[in-house]
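Q: Whatever this is, show me its structure:
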Amino acid sequence: MHPHSMRIALLFEYSTINGGENSILAVVDEVQRADTEFVAILIQPGPLEQQLRDRDIPVHRIDEAADSRTKLTNDGLLSHIRDVIRHEKVDLIHANSMMMSRRLGQIASELPVPTAGHIRDIMNVSQATIRDLSLNQSLIAVSSAVREHWRTKGIPEQQIRTIYNGINFDQFEHEESSNRFRQRYHLPEDVFLVAVIGQICLRKGQDEAVEAFSRIGRRYPNVHFLLVGKRHSQKRETIDFDERLDQIVKEAGLSDRFHRLGFCDEIPQLLNEIDLLVHPARQEPLGRVLLEAAASGVPIVATRVGGTEEILTHNQSALLVDPGNVDQLTEALAQLYEDSELRIQLQSAAQQSVRERFDITLRAAETVQFWKDVLHHSREFN
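A: Next comes the predicted model:
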């Protein structure tokens, strides 16, 4: 360990790899060097563990909670984190989700180092949750929309800072497509490929995108639809939602042009192949896939929710529609299918805007400064 390094323990709620995990890994990749080092604490097994180990990050897993994060008591979490602090000489604990930030706040007063966390959600919660979150020394909101939501719920304004997610543009440089995904589904190279990318759940609104496809599919036989992502929830309503996606397409007679990819770990390559990204979310704190698509030069149709309008501007860098309005979504898809010049105009503007405001070098530096400020304030206070 470098004698002057800052050692951060990252506390994860999930060991899957979705937007929140990819966002913190991007920070790690950018700043892990002599003066910033990381340790990871996981409470579930999963693919994230190998991603961390591949980066030479020490991983500590709370095996007693491997079957369910809800079974981990505060005493168990406290004991484990104290062990990690002692063995790894950790300076600060940072939770990577709202729920783990709450759990961390509940035990913060009994830990020998300061605590902080990421809030990546816009949701209604109890006053007890607000109180627990506020027991951390400081919090990061991934967009101004997220910060404003939690501020109005009662988290003190000075305690929550907006730091956007960032991306490494080298990973999303537009290269000549290999057409591997078209070949996988035996598609002609000239089909128009529309994709929705994200965890399959109600708040992501995939049903409305599929409904819009079922409408334009009848008008444009060249359009194929790619559904990328998997369902994690075992709730009955989410299972029904997932099954309904296939039913909508089947009823429209378009099953042969509807392709489920499941979880994909080749998103940069996929973005090089698709012709249009649709992001129909009902709630979106700051869609990482929007940043990635814009960086890749993919035209976008998205809903006006959460932090999306902090990334994209209607009719300048994307077409934005009202959430839940399938008519608007259908019309936007049709408009971009028919107007290649508009697609080029929107993707070019989005790419330039995202490059200016969401570069990982800038955002990672802000995150490191946030941790330094937390440590400085903690030492002053003590």
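
Q: Going by C-alpha atoms from here, please, whenever you check contacts or count neighbours.
A: Noted.

Q: in the protein, which spans are strands?
A: Remark: strands assigned in the chain by DSSP state E are 6-12, 36-42, 59-61, 92-95, 115-119, 138-141, 160-162, 192-197, 223-228, 258-262, 276-279, 300-303, 319-321.

Q: got these as CSV, with mean neighbour count columns?
A: Shown next, in CSV, are the strands of the chain (neighbours: other CA atoms under 10 Å):
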stretch, mean neighbour count
strand 6-12, 22
strand 36-42, 21
strand 59-61, 17
strand 92-95, 26
strand 115-119, 27
strand 138-141, 25
strand 160-162, 21
strand 192-197, 22
strand 223-228, 21
strand 258-262, 16
strand 276-279, 24
strand 300-303, 25
strand 319-321, 23
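
Q: I'd like those strands written out as TSV, with distance to residue 185 and mean pLDDT added.
A: Shown next, in TSV, are the strands of the chain (distance: least, CA to CA, whole Å; pLDDT from 0 to 100):
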stretch	distance to residue 185	mean pLDDT
strand 6-12	36	96
strand 36-42	37	96
strand 59-61	38	94
strand 92-95	40	98
strand 115-119	38	98
strand 138-141	39	98
strand 160-162	41	97
strand 192-197	12	96
strand 223-228	10	95
strand 258-262	8	92
strand 276-279	18	98
strand 300-303	23	98
strand 319-321	28	98
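
Q: Residue 343 contacts residue 301, correct?
A: No - with contact defined as CA atoms under 8 Å, residue 343 does not count as touching residue 301 (10.3 Å).

Q: ranges for the helices of the protein?
A: Taking DSSP state H to define them, one finds helices in the chain at 19-31, 47-54, 74-88, 98-107, 127-133, 144-153, 180-184, 206-219, 236-252, 267-271, 288-295, 326-338, 340-357, 360-381.

Q: Figure out which of those is closest to residue 192.
A: helix 326-338 (7.9 Å; CA to CA).

Q: That closest one: how far from the chain's middle?
A: Averaged C-alpha coordinates place helix 326-338 at 25 Å from its chain's average position (CA atoms, centre = their mean, to the nearest Å).

Q: residues making contact with the worst-scoring helix or strand of the chain on mean pLDDT?
A: Across the helices and strands of the chain, mean confidence by mean pLDDT, DSSP states H and E is lowest for helix 180-184: a mean of 84. Here helix 180-184 makes contact (CA atoms under 8 Å, 6 or more residues apart in numbering) with 188-189, 270, 273.

Q: Mind doing that once more with 7 Å?
A: Helix 180-184 has contacts (CA atoms under 7 Å, 6 or more residues apart in numbering) with 188-189.

Q: CA atoms only: put that helix into CSV for me.
A: In CSV, the C-alpha atoms belonging to helix 180-184 read as follows (Å, rounded to 0.1, in the frame of the first residue of the first chain):
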residue,chain,number,x,y,z
ARG,A,180,-22.5,-10.8,-35.2
PHE,A,181,-25.9,-10.2,-33.7
ARG,A,182,-27.6,-10.1,-37.1
GLN,A,183,-25.8,-13.3,-38.0
ARG,A,184,-26.9,-14.9,-34.7
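
Q: so where's the stretch 151-300 of the chain shaky on pLDDT?
A: For the stretch 151-300 of the chain, the stretches with pLDDT under 70 are 174-177.

Q: try 90 this time
A: For the stretch 151-300 of the chain, the stretches with pLDDT under 90 are 170-190, 218, 232-234, 242, 262-266.

Q: Could you list the domains of this structure?
A: 6-166+359-381, 169-357 (automatic domain parsing).

Q: Contacts only, for residue 205.
A: So residue 205 contacts 280-282 (CA under 7 Å, 6+ apart).

Q: Tell me the spacing between residue 86 and residue 116.
A: Note on residue 86: its distance to residue 116, by CA to CA, to the nearest Å, is 18 Å.

Q: Could you do residue 296 as well?
A: Counting by CA to CA, the gap from residue 296 to residue 116 is 32 Å.
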